[in-house]
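J.: here you go, sequence then predicted model.
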Amino acid sequence: MQTLPWYKQFWPWFILSIPMITVVTCIFFIVYSVQKGPDMVVDDYYKQGKAINLELSKFQKAKALYLHGDLTIDADKVTFAFTKGDASKVTALKLAFYHPTLKENDFDMILAKNANGHFSGFSDHINQERYTIFIEPMDQSWKLKENIVLPATGPFKITPEYK
């Protein structure tokens, strides 16, 4: 009985395929992880810490001004109305939406003051998800923060309490 050479038989190739598939899979995952690294990693923690302290002073200023408001989000229209505090000098607001984990879902928008004193704007980036929103005037003198979940059945109550 004549035997075939090893490279013409099934079992050596089957046994060798397992480590080869493992190597190819490892290379794939290494390339994928390098290209799609985490968005939340910060290089300069000291600089970030100083920025956080500056941000906290903006929240304290909003608290001192006793600023409260209602934020309404309907499909692509966003409206903000101050319910307490003096916001007569504010002509426009910057509204920033931050997704908790996906940086590509973050976006900013400008809310302009209309005739009835409310601030409104339109955006096609609003998804039905969870966001942390930041509201601040264009001079960035104070800041409000709130965690929201969309869709909403009514307006969100925005308070100067840091959450």
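T.: Received it, and whenever you're ready, just let me know what you need. Numbers count the residues shown, from 1 in each chain.
J.: what count of nearby residues applies to residue 129?
T.: The number of residues packed near residue 129 is 15, by other CB atoms under 10 Å. All C-beta spots, glycine's among them, are computed from the backbone N, C-alpha and C.
J.: doesn't residue 150 make contact with it?
T.: Yes - at 6.1 Å, residue 129 counts as touching residue 150 under the criterion of CB atoms under 8 Å.
J.: residue 136 touches residue 87, doesn't it?
T.: No - if you go by CB under 8 Å, residue 136 and residue 87 don't touch, sitting 11.7 Å apart.
J.: give me phi/psi at residue 10?
T.: phi -70, psi -50 (degrees, to the nearest 10).
J.: if I look at it, how far off is residue 120?
T.: 71 Å (CB to CB, to the nearest Å).
J.: so these two - more neighbours on which side?
T.: With neighbours defined as other CB under 10 Å, residue 10 and residue 120 compare such that residue 120 has more, 16 against 8.
J.: apart from its chain neighbours, what residue comes closest to the more buried one?
T.: Using CB to CB, 6 or more residues apart in numbering and skipping residues adjacent in sequence, the residue nearest residue 120 is residue 79, 4.6 Å away.
J.: give me the distance between residue 89 and residue 96.
T.: 21 Å.
J.: ok, back up a step: what are the bridge partners for the residue nearest to residue 120, then?
T.: Residue 79 has these beta-bridge partners by DSSP bridges: residue 72, residue 120.
J.: so which bits of stretch 105-125 are buried?
T.: Applying a neighbour-count criterion of 16 or more other CB atoms under 10 Å, one finds 105, 107, 111, 118, 119, 120, 121, 123 buried in stretch 105-125.
J.: of these, which pair is most distant in space?
T.: 105 and 118 (25.9 Å; CB to CB).
J.: so where's this protein shaky on pLDDT?
T.: 1, 38-54, 162-163 (pLDDT under 70).
J.: give me phi/psi at residue 76?
T.: Residue 76 adopts backbone torsions of phi -110, psi 0, taken as degrees, to the nearest 10.
J.: tell me, how many residues neighbour it?
T.: With other CB under 10 Å as criterion, residue 76 counts 11.
J.: who touches it in this structure?
T.: By CB atoms under 8 Å, 6 or more residues apart in numbering, the residues touching residue 76 are 122, 123, 124, 126.
J.: what's the answer for residue 3, then?
T.: Residue 3 makes no contacts at all, as judged by CB under 8 Å, 6+ apart.
J.: with that, I have no additional questions.
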